[in-house]
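J.: With the input below, show me the fold.
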Amino acid sequence: MSEHAKSSPSPASMLQHIIEQQCNQQPAATAIFWRDEAISYQTLQKNISCCSSAIRSCSHAGDRIAVLALNCPEYIELMYAVPAANRILVPLNTRLSASALYQQIVQVGPTILIGDKNLIDKVVKAGREVVPPPLTDGQLSATPTHHYKQKPKPPEPPKNIHDKPSPLQFVISFGAEYDSWVKTPFAATHLTPAHQAETPGKPDADAESNNPAWLMFTSGTTGIPKAAILTHSSLLAALESANFGRPVHDGDRYLYPFPLFHVSAHNVLHQHQHGAAVALIPSFNAAKVLQCCQNLKITTLSLAPTMISLLLDDPLFDPIKLSSVRTIGYGASAISESLLKRVLNETSCGLSQGYGMTELSGSVAFLDAEGHRVAASCKPQLLKSVGKPVPSVDIQIVDESCRPVATGKSGEIIIRGTQVIPGYWRQPKATASAIKGGWLYTGDIGIFDKEGYLTIIDRKKDIIISGGENIASREVENILCQHPDVKQAAVVGLPDPKWGEIVCAMIECPSKLTPDALAIIDFCKQNLASYKTPKQLVFSTLPLNANNKVDKIKVREKISARLGQTFEK
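T.: Here you go, the predicted model:
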């Protein structure tokens, strides 16, 4: 640990203890910078307590509370307040289509939806129009029908479009409605007996560190989103790993430009755990990031390589705007040698890569700033590495028989540690497939070298990473195949200098049909998030392997040849 790094605080056993401890130790210190406002730890703690009481007044222990919004201080309040109330936070991806968001609500069955009015109104509308698919045992069905009012009438049991009971009772918009709800929460007398909840402010006796704190959706190859269960203990263990890889220093000011629905939000908790100030912006904007770094004297921030490139290419870029930045932490995808050299040549910032995933509640391996400098000067192969594991986890490389392989041999990366999630919400088969004997089978193919550096050489799962966003190829394929002019489709990611990878599709059409590429792209835009929509289409018969399955390697080769790209196996 650096001589400037802060000493570790007293260990917290629950997420809400993080802010409670800082409020006791430095109540006037800034916890959040938001626009022109500096929010102290004392104010944040007060807001969390009020929000937690409001949640307790109209829900039950273990209920899911969904949030759909751009970054804002209220979102951070909910990150702590919901688990403090012994409920489970469900951050929803603002970039998904309304129908996809509705399906996720159906899947996890939240009782309350909170967020930006323009976003939640679209989901409410989708819930009344979209016919949900058949649900597996234990999955809940929900359509929001009751908006919170300051003096509500006892709510009628809501019904969804199929006249089945809906668990989603309250929809609350950020702004005056949310503020009123937090300041004057429902009293127990406002609720029907079926909805009676605990007395506001009363702690839950059964709250434990292994209880779920957040449910975060992952991108799976099955096309069915999985909600990973992040517990208090898994998240706190991830914060320990984060501080090993990227220690917080005295006086640090950290800028968080990622969406708070990403697992990268654990970095906010990490900074707060060590008393740092977090600067928050609604969403990533290169000019805004540069302005914040300069005006607030930001010392550390998190970015995806795509964001770093956009920062350096911005017309307003000036190295002096980043002069206070000690380290840029990045993940989601590897950084190219050319981009690394640009950062080191054009700024005074160090770089730190983290390897993690939602199922790990954060990161488990880091390539630090010194490693990046060595890579730029004499060991470019280090850039292919994600660094070395933190001491609090066990990482092994295993063959297809789950036996450890020798150093220098490739295999699937499996990980064991407290920060590994216990499973996926109400998906026992997916849980059993991913977690075996306490080990998380990541689906990533990797290799350890003799110096202990871990390198990811391939992805077992068909996940495309574009601009830091995970995209399940099968999800895109399923949408393409819904178009009447598409017989079959195979989706792959191809290298792109700006986005890391772009989504490309090979489409097989019915015979004698002249395909309309623009119509197919428009269809995708209507049913997928923009970043999931294919950027290139190639029309051809899909290549099959010996098992009569689509050969994705040959698909990549054929698309690359058509687009004039060099295919990297």
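J.: What separation is there between the residue in the chain sticking out farthest from the centre and residue 481?
T.: Outermost residue of the chain with respect to the C-alpha centroid, by C-alpha atoms, centre = their mean, is residue 512; its distance is 43.3 Å. Distance, residue 512 to residue 481, by C-beta to C-beta, to the nearest Å: 19 Å. Backbone N, C-alpha and C define where each C-beta goes, glycine included.
J.: Now residue 492: phi and psi?
T.: In terms of degrees, to the nearest 10, the main-chain angles of residue 492 are phi -140, psi 170.
J.: before we move on, what SS does the residue farthest from the centre of the chain have?
T.: coil (DSSP: H, G, I helix; E, B strand; the rest coil).
J.: Name the SS class of the closest residue to residue 331 other than its chain neighbours, please.
T.: Leaving aside its chain neighbours, residue 331 sits nearest to residue 354 (4.4 Å; criterion: C-beta to C-beta, 6 or more residues apart in numbering). When classified by three-state DSSP, residue 354 comes out as strand.
J.: Just give me the neighbour total for residue 354.
T.: Around residue 354 there are 24 other residues, counting by other C-beta atoms under 10 Å.
J.: doesn't residue 335 make contact with it?
T.: No. In this structure residue 354 lies outside contact range of residue 335 using C-beta atoms under 8 Å: 11.8 Å.
J.: list residues touching both of those two?
T.: Shared contacts of residue 354 and residue 335 (C-beta atoms under 8 Å, 6 or more residues apart in numbering): none.
J.: Need the nearest residue in space to residue 304, chain neighbours excluded.
T.: Of all residues not flanking residue 304 in the chain, residue 468 sits nearest, at 3.2 Å (C-beta to C-beta, 6+ apart).
J.: Kindly state the pLDDT recorded for the one you found?
T.: Listed pLDDT for residue 468 reads 85.
J.: Just to check, it is in contact with residue 306?
T.: Yes. Residue 468 is in contact with residue 306 according to C-beta under 8 Å; the separation is 5.9 Å.
J.: Just the CA trace of stretch 476-485, in CSV.
T.: Only the C-alpha atoms of stretch 476-485 are listed here, as CSV (Å, rounded to 0.1, in the frame of the first residue of the first chain):
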residue,chain,number,x,y,z
VAL,A,476,-29.6,-10.2,-30.8
GLU,A,477,-30.0,-13.3,-32.8
ASN,A,478,-33.4,-14.0,-31.3
ILE,A,479,-34.6,-10.5,-32.3
LEU,A,480,-33.2,-10.8,-35.8
CYS,A,481,-35.0,-14.2,-36.3
GLN,A,482,-38.3,-12.5,-35.4
HIS,A,483,-38.0,-10.5,-38.6
PRO,A,484,-40.0,-12.2,-41.5
ASP,A,485,-37.1,-11.8,-43.9
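J.: which parts of stretch 271-283 are buried?
T.: Neighbour counts over stretch 271-283 (16 or more other C-beta atoms under 10 Å) mark 271, 272, 273, 274, 275, 276, 277, 278, 279, 280, 281, 282 as buried.
J.: Show only the entries of those found in strands.
T.: 277, 278, 279, 280 (DSSP state E).
J.: Any idea what the third one is bridged to?
T.: Each beta-bridge partner of residue 279 is listed here, defined by DSSP bridges: residue 33, residue 255.
J.: first to last residue in stretch 56-71, what's the distance?
T.: Taking C-alpha to C-alpha, to the nearest Å, the first and last residues of stretch 56-71 lie 24 Å apart.
J.: Quickly list the domain ranges of the protein.
T.: For the chain, automatic domain parsing gives the domain ranges 41-229, 284-459, 479-563.
J.: Centre of the chain to the second one, how far?
T.: Just to be clear, that refers to domain 284-459. Offset of domain 284-459 from its chain centre (C-alpha atoms, centre = their mean, to the nearest Å): 14 Å.
J.: Quick check: next helix or strand after the biggest helix by length in the chain?
T.: What stands out as the longest helix in the chain, according to DSSP state H, is helix 41-57. Going down the chain from helix 41-57, the next helix or strand is strand 64-68, by DSSP states H and E.
J.: so what strands line up beside that next one?
T.: Here, using DSSP bridges, strand 64-68 pairs with strand 88-91 (parallel), strand 112-115 (parallel).
J.: Could you give the average pLDDT over it?
T.: Mean predicted confidence for strand 64-68 is 97.
J.: now do stretch 374-383
T.: 82.
J.: now do stretch 27-45
T.: Averaging pLDDT along stretch 27-45 gives 97.
J.: In that stretch, which of the residues would be classed as buried?
T.: Buried, per 16+ other C-beta under 10 Å, within stretch 27-45: 30-34, 38-45.
J.: Residue 440 bridge partners, please.
T.: Beta-bridge pairing for residue 440 (DSSP bridges): residue 415, residue 435.
J.: In this model residue 419 seems to touch it, though I could be wrong.
T.: No. Using C-beta under 8 Å, residue 440 is not in contact with residue 419; the gap is 9.5 Å.
J.: Neighbour count: the two, which is higher?
T.: Taking other C-beta under 10 Å, residue 440 and residue 419 do not tie; residue 419 has more neighbours (30 against 22).
J.: Next, count neighbours for the nearest residue to that one once chain neighbours are set aside.
T.: Excluding the flanking residues, the one nearest residue 419 by C-beta to C-beta, 6+ apart is residue 237, at 3.8 Å. Around residue 237 there are 22 other residues, counting by other C-beta under 10 Å.
J.: Okay, residue 237 and residue 392: tell me how far apart.
T.: Residue 237 sits 7 Å away from residue 392, going by C-beta to C-beta.
J.: Could you pull out the residues contacting both of those two?
T.: Residues touching both residue 237 and residue 392 (C-beta under 8 Å, 6+ apart): 417, 418, 419.
J.: if we look at the sheet, which residues does the residue nearest to residue 331 bridge to?
T.: Applying DSSP bridges to residue 354 gives these bridge partners: residue 366.
J.: Contacts only, for it.
T.: Residue 354 makes contacts with 242, 245, 246, 329, 330, 331, 362, 363, 365, 366, 386, 387, as judged by C-beta under 8 Å, 6+ apart.
J.: how about stretch 307-322 as PDB, C-alpha atoms only?
T.: C-alpha atoms of stretch 307-322 as PDB (Å, rounded to 0.1, in the frame of the first residue of the first chain):
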ATOM      1  CA  MET A 307     -14.400   6.700 -22.800                       C
ATOM      2  CA  ILE A 308     -10.600   7.400 -22.500                       C
ATOM      3  CA  SER A 309     -10.400   7.600 -26.300                       C
ATOM      4  CA  LEU A 310     -13.400  10.000 -26.500                       C
ATOM      5  CA  LEU A 311     -11.800  12.100 -23.800                       C
ATOM      6  CA  LEU A 312      -8.500  12.500 -25.700                       C
ATOM      7  CA  ASP A 313     -10.300  13.200 -28.900                       C
ATOM      8  CA  ASP A 314     -12.600  15.800 -27.500                       C
ATOM      9  CA  PRO A 315     -12.100  19.300 -29.000                       C
ATOM     10  CA  LEU A 316     -11.900  20.700 -25.500                       C
ATOM     11  CA  PHE A 317      -9.200  18.300 -24.400                       C
ATOM     12  CA  ASP A 318      -6.200  20.000 -22.700                       C
ATOM     13  CA  PRO A 319      -3.700  18.000 -20.500                       C
ATOM     14  CA  ILE A 320      -4.000  20.700 -17.900                       C
ATOM     15  CA  LYS A 321      -7.600  19.700 -17.200                       C
ATOM     16  CA  LEU A 322      -6.400  16.300 -16.000                       C
END
